[in-house]
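In: quick one: sequence plus predicted model below, questions after.
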Amino acid sequence: MSIKYNETTKELHLTNHSISYILKILPDGQLGHLYYGMKLSHREDFSHLLPPLHERAYVCYPNDANKDLSYDIVKREYPEYGRSDYHEGAFSINHENGSIITDFSYDSHTIEEGKPLLVDGILPATYMDSDSEGQTLEIKMVDNVTGLELYLSYSIYESLPVITRSSKFVNTGKTTVGLQKAMSMSLDFESMDFELLQLSGAWARENHMEMSPLRHGHQSVSSSRGASSHQSNPFVALKSPSCTENSGEVYGFSLVYSGNFKADVTVNHYNQTRLIMGINDHNFSWQLKPSEVFQTPEVVMVYSDMGLNQMSQTYHHLYRERLISKTKRNIMPPVLINNWEATYFDFDEDKLLKIASTAAEIGVETFVLDDGWFENRNDDKSGLGDWNIDYNKLPNGGVKGLSDKLDAIGMKLGLWVEPESVSEISTVYQLHPEWVIQTPGRNKTLGRNQYLLDYTNPDVVDYIYNKLSKIYDGANITYVKWDMNRNITEPYSKTLQAHRQGEFMHRYILGLYSLLDKLTKKFPPEMIIESCAGGGGRFDPGMLYYAPPLAWTSDNTDAIARLQIQKGTSLCYPLRSMGCHVSMAPNHQVGRYTKLQTRIDVASFGAYGFQLDINKMNEEDVTRIKESILRYKEMRELIQFGQFHRLETESGDNMTAWMMTSKDKTIAVVGIYQALAIANPPKSIIRLQGLLPEKIYKNVLTDTQHGGDELMYRGLTFNDAGHYYVNEDALLATNQVGAGDFTSEVIILQA
Ligand code: GLA
């Protein structure tokens, strides 16, 4: 059994083969936190793990008779502000009389097999296939003054170092209360001996890893843009300062949500650390009427004592197998070509078919028609919202005509949409200007010349559902690219009363999820949805759940820039979820010229595709692309479902190396990349991971043989160019690491 309860000591111990999480119902009914980390053997009494309890100066005690229990000192499960705990609380409630104090104390708990759905049925969450995969603890807390109930939910997976947490408020009282803050979880640690690891960035440079030591006070990672955002991903980790890719402790926290979020870390005056995570409370409020329920999104907590790689591998496994739905989790994404960087808005059917047919000949499987296929869309200034096919560009039967022609050459059709946006120059805007997100009497801010539709309004969601249904019913479309190219401004909805406007941002996301839910149920199960928000502006587990199995990682397709983006993204998300395309050189975002082989070697570690016109390439490059598709197809299952390892390199950021091993560890593919060439480089050895030490592996390209132990403990010698510069032709012909800037090498190993 994974969850043990001791009635005498009032302790709950969630444990499996690798982790322990222990909490205690304190004498006054508060929930104290005792421990989270590496598995501890079960004992009947862990109460000695409470911090030393004795009276301290300048500390307030809610119960004066019991000077042992100050909330300022004790570690807590789901703390409130205002009753002697002065730190960031996990929730905040305004009562009818204007007061802010709520005193939830333990009422009861249940332990059940498996993992139930979140109560509102629409928030995405991880799941268990069967009840034997784990257990769920739900603790009921009650505020006796108002009758408000709080349910804290913890699910533990039997075979993974994973605990998921969420909370639920139920108003069983007689008056409406105002939730001002309702975090999914809070966790107190005994020390501040951590670094905060976050994924930060901007458009075209998403998910860069950033680390900072903890200090007293707050450190926050958040979004208030209405989307999880390019700027901050809803993932953070607390790692011990000595933690590396392959050793040391790290605690990961990932919020399964696509809107405003916050992860706040506070270090208090006793050097204790508190991490809270959930919906951003900035401008948030929620009116909870009698008998209503508010469910928070879920946080997935992963513990690793073997460094960042083990944490990532756990997230990858869980999100691949138990976040993406059962019907979609085995989908194999096609090798695709997307026309965006090949044509932008300048295309007609003829041009598209030329790109598609050359691509089909060399093995590409799906053609994704990007922005510009609908009326009034020759640039980004107009056309969004009507979703009427442009028969000038597609004169022979529109999208259906195109899909028929693609079918004939053995290629499937994917179609881009941006269903949350609307242009001023569109019929829907003229007919329903009130459908746009705006604040009465205020300027409406444009972003990429467009507004966003008010998805809190069910009429809007119905309109889009009907429009999209018509398009997708009308043609043989197997792939949807769901884009969103701006963030919310002037948040307000006419459908909400004045005192409910603080609900807007969360209701927007609920509207989006409900639409995606309805559409995915309508689409055939094999339909692939690629989510996108100007690249990785909404790359989060919530979208992965509703738009599986992948997201467009970044609008930046430059291979060298992508190394950092893909590496950062891999901290929490499986390679399978990252759309990665080969584009033209010089690259359209950074102007860099990178050899084709490097672009291939970077993009093939993900969901592989192209954004270029193959007709414009020379024969040698076309052959190279054809070979890369063949190689990718051979490796596709490995890349999609294998185990990913970020490898440690000696030359820091200048060199990136990673590898994928098959489930049985008998096949591996290693990618090594160097940004800038180094003359007479010191060493060209990289230690591999995840192989079978007793097996002999053949390097498929060189035919050399190496022990798995040798490759992992001594390392693989790769071909750095070093002294190779015999003549210019030889140099141009090779892509060996170091033979010029931006080089790469992919090595395939077979046991
Ligand atoms: C966004 C996407 C791109 C492309 C364009 C089309 O920027 O990220 O991939 O689809 O929109 O307008």
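Out: Okay, I see it. Numbering: from 1, shown residues only.

In: what count of nearby residues applies to the residue of the stretch 251-400 of the chain at minimum distance from the ligand?
Out: Residue of the stretch 251-400 of the chain nearest the ligand, by C-beta to the nearest ligand atom: Asp371 (3.4 Å). For glycine as for every other residue, the C-beta is placed from the backbone atoms N, C-alpha and C. Using other C-beta atoms under 10 Å, the number of residues around Asp371 comes to 21.

In: phi, psi for Pro549 please.
Out: Pro549 adopts backbone torsions of phi -110, psi 10, taken as degrees, to the nearest 10.

In: and it, how many residues sit next to it?
Out: For Pro549, the tally of surrounding residues (other C-beta under 10 Å) stands at 24.

In: what's near enough to touch it?
Out: For Pro549, the contact set (C-beta atoms under 8 Å, 6 or more residues apart in numbering) comprises Arg320, Ile324, Lys328, Arg329, Ile331, Pro333, Ile528, Arg576, Ser577, Ala607.

In: quick one: it from the ligand, how far?
Out: 18 Å (C-beta to the nearest ligand atom, to the nearest Å).

In: tell me what that residue is bridged to.
Out: With DSSP bridges as the criterion, Pro549 is bridged to Ile529.

In: quick check, pLDDT for it.
Out: What the model reports for Pro549 is a pLDDT of 96.

In: from here on, call the first residue 58.
Out: Understood, numbering begins at 58; the last thing we discussed is Pro606.

In: could you pull out the helices for the stretch 258-407 of the chain?
Out: Secondary structure of the stretch 258-407 of the chain (DSSP state H, counting those that start in this stretch): helices at 364-379, 397-400, 406-418.

In: which one is Val537 nearest to, not counting chain neighbours?
Out: Spatial nearest neighbour of Val537, chain neighbours left out: Ile586 (4.8 Å); criterion: C-beta to C-beta, 6 or more residues apart in numbering.

In: am I right that that neighbour is in contact with Trp609?
Out: No: assessed by C-beta atoms under 8 Å, Ile586 is found out of contact with Trp609, at 11.1 Å.

In: ok, Gln646 to the ligand distance?
Out: 11 Å.

In: nope, Pro582 is what I meant
Out: As judged by C-beta to the nearest ligand atom, Pro582 and the ligand stand 25 Å apart.

In: quickly find the element holding that residue.
Out: Per DSSP states H and E: Pro582 is located in neither a helix nor a strand.

In: and stretch 725-740, what's buried?
Out: Ala725, Val726, Val727, Gly728, Ile729, Tyr730, Gln731, Ala732, Ala734, Pro738 (16 or more other C-beta atoms under 10 Å).

In: pick out the most distant pair among those.
Out: Farthest pair in these (C-beta to C-beta) is Ala725 and Ala734. Separation: 26.2 Å.

In: residues touching the residue nearest the centre of the chain, list them.
Out: Taking C-alpha atoms, centre = their mean, the centroid of the chain lies closest to Asp597, which sits 2.8 Å from it. The contact partners of Asp597, taken as C-beta under 8 Å, 6+ apart, are Ser285, Asn290, Pro291, Leu312, Val313, Tyr314, Ser315.

In: same deal with Ile686?
Out: Contacts of Ile686 (C-beta under 8 Å, 6+ apart): Val392, Ile419, Gly420, Val421, Tyr665.

In: name the SS class of it, please.
Out: With DSSP: H, G, I helix; E, B strand; the rest coil as the basis, Ile686 sits in helix.

In: any idea how far it lies from the ligand?
Out: Noted for Ile686: a distance of 21 Å to the ligand, by C-beta to the nearest ligand atom.

In: do you know how far Lys136 is from the ligand?
Out: Let me fix one detail, which is that residue 136 is Pro and not Lys. Distance of Pro136 to the ligand, given as C-beta to the nearest ligand atom: 40 Å.

In: same question, Leu209
Out: As for Leu209, its distance to the ligand is 38 Å (criterion: C-beta to the nearest ligand atom).

In: in this structure Pro270 contacts Asp250, no?
Out: No: the criterion here is C-beta under 8 Å, and Pro270 misses it with Asp250 at 9.2 Å.

In: more neighbours, those two?
Out: Using other C-beta under 10 Å, the more surrounded residue of Pro270 and Asp250 is Asp250, with 15 against 11.

In: got the contact list for Leu576?
Out: By C-beta under 8 Å, 6+ apart, the neighbours of Leu576 are Tyr522, Leu525, Ser526.

In: you'd agree the second one is in a helix?
Out: Yes: applying three-state DSSP, one finds Leu525 inside a helix.

In: how near is His702 to Leu254?
Out: Here His702 is placed at a distance of 18 Å from Leu254 (C-beta to C-beta, to the nearest Å).

In: quick one: name the residues of this structure near the ligand.
Out: Trp397, Asp427, Asp428, Trp473, Asp540, Asn542, Cys589, Gly591, Gly592, Trp609, Asp612 (C-beta under 6 Å from any ligand atom).

In: between Pro270 and Asp250, which contacts overlap?
Out: Common contacts of Pro270 and Asp250 (C-beta under 8 Å, 6+ apart): Pro298.

In: what residues do Ile586 and Trp609 have in common as contacts?
Out: Both Ile586 and Trp609 are in contact with Lys538, where contact means C-beta under 8 Å, 6+ apart.

In: neighbour count for these two, which is higher?
Out: For Ile586 versus Trp609, neighbours defined as other C-beta under 10 Å are more numerous around Trp609 (27 against 23).

In: show me what contacts the closest residue to that one other than its chain neighbours?
Out: In this structure, Trp609 finds its nearest non-sequential neighbour in Cys589, 3.8 Å apart by C-beta to C-beta, 6+ apart. Residues near Cys589 by C-beta under 8 Å, 6+ apart: Lys538, Trp539, Asp540, Met541, Arg595, Ala608, Trp609, Gly636.

In: try it again with 6 Å
Out: For Cys589, the contact set (C-beta atoms under 6 Å, 6 or more residues apart in numbering) comprises Lys538, Asp540, Trp609.

In: what residues sit buried inside the stretch of helix or strand Ile617 belongs to?
Out: According to DSSP H and E, Ile617 maps onto helix 616-626. Neighbour-count burial for helix 616-626 flags Ala616, Ile617, Ala618, Arg619, Leu620, Gln621, Ile622, Gln623, Lys624, Gly625, Thr626 (criterion: 16+ other C-beta under 10 Å).

In: quick check, Leu472 in contact with Asp428.
Out: No: if you go by C-beta atoms under 6 Å, Leu472 and Asp428 don't touch, sitting 10.3 Å apart.

In: restricted to strands, list the contacts of Cys589.
Out: Among the contacts of Cys589, the residues falling in strands (DSSP state E) are Lys538, Trp609.

In: just send the contacts of Cys589 back as CSV, with pLDDT too.
Out: Shown next, in CSV, are the contacts of Cys589 (pLDDT from 0 to 100):
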residue, pLDDT
Lys538, 98
Asp540, 98
Trp609, 98
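
In: which of the residues of the chain next to the ligand lies closest to Asn328?
Out: Set against Asn328, the nearest of the residues of the chain next to the ligand by C-beta to C-beta is Gly592 (39.4 Å).

In: against Ser361, how distant is that closest one?
Out: 28 Å.

In: chain center to the helix holding Ile617, what's the gap?
Out: Computed by C-alpha atoms, centre = their mean, to the nearest Å, the chain-centroid distance of helix 616-626 equals 15 Å.

In: which elements pack onto it?
Out: strand 262-270, helix 653-660 (3 or more C-beta pairs under 6 Å, 6 or more residues apart in numbering; DSSP states H and E).

In: pipe these into TSV and attach mean pLDDT and distance to Gly772 per row.
Out: Shown next, in TSV, are these (pLDDT from 0 to 100; distance: least, C-beta to C-beta, whole Å):
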stretch	mean pLDDT	distance to Gly772
strand 262-270	98	23
helix 653-660	98	20
